[in-house]
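Participant: Turn this into a model:
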Amino acid sequence: MRFDQHTVVLLVRPPDAPELPLDAADRLQDAHLAHQAGLVEQGLVLAAGPFVDADDERTRGLVVLSVSPQEARELYHNDPAVRAGRLSVQVMSWMVPEGIVRFESVPMPRSVLEAAAGD
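Facilitator: Residues are numbered from 1 along each chain as shown. Presented below is the predicted three-dimensional model:
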């Protein structure tokens, strides 16, 4: 059997994440979303999104990338939320039977306001 290999990044809230005022947290989230949307536009991110109703609320989101694990680490260490210490990354390779998972190109929100608009 043949396999496709993707790189997966788990975005995790570290236990020592700094507390921020609401306006600063919103600006940081917008910067995080803009960074991620830029990676999608470059064709580096195949899928990304937050977790809801997670057993461990520290686990915040998942990203599937078309780059090596090392490249993913570099890309996400430049994420504003990671640089600010609000998120950390766990990077791994994900193997699936060839062709079982397909990704479509869709625009990603660049801000919390855009995500909330639903359009």
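Participant: and stretch 7-25, average pLDDT?
Facilitator: Stretch 7-25 shows a mean pLDDT of 97.
Participant: Strands of this protein, start to end?
Facilitator: With DSSP state E, the ranges of strands along the chain come out as 3-12, 45-50, 59-65, 88-97.
Participant: The shortest one - contacts with which helices or strands?
Facilitator: Which is strand 45-50. helix 22-41, strand 59-65 (3 or more CB pairs under 8 Å, 6 or more residues apart in numbering; DSSP states H and E). Every residue, glycine included, has its C-beta placed from N, CA and C.
Participant: do you know which of these lies nearest residue 87?
Facilitator: strand 59-65 (6.3 Å; CB to CB).
Participant: Out of the helices and strands packed on strand 45-50, which one sits most buried?
Facilitator: strand 59-65 (a mean of 19; mean count of other CB atoms under 10 Å).
Participant: most centrally placed residue in this structure?
Facilitator: residue 63 (4.2 Å; CA atoms, centre = their mean).
Participant: Correct me if wrong: that one contacts residue 79.
Facilitator: No. Using CB atoms under 8 Å as the test, residue 63 is too far from residue 79 to be in contact (9.6 Å).
Participant: picking that back up, just send the helices and strands packed on strand 45-50 back as TSV, with distance to residue 112 too.
Facilitator: Formatted as TSV, these follow (distance: least, CB to CB, whole Å):
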stretch	distance to residue 112
helix 22-41	5
strand 59-65	14
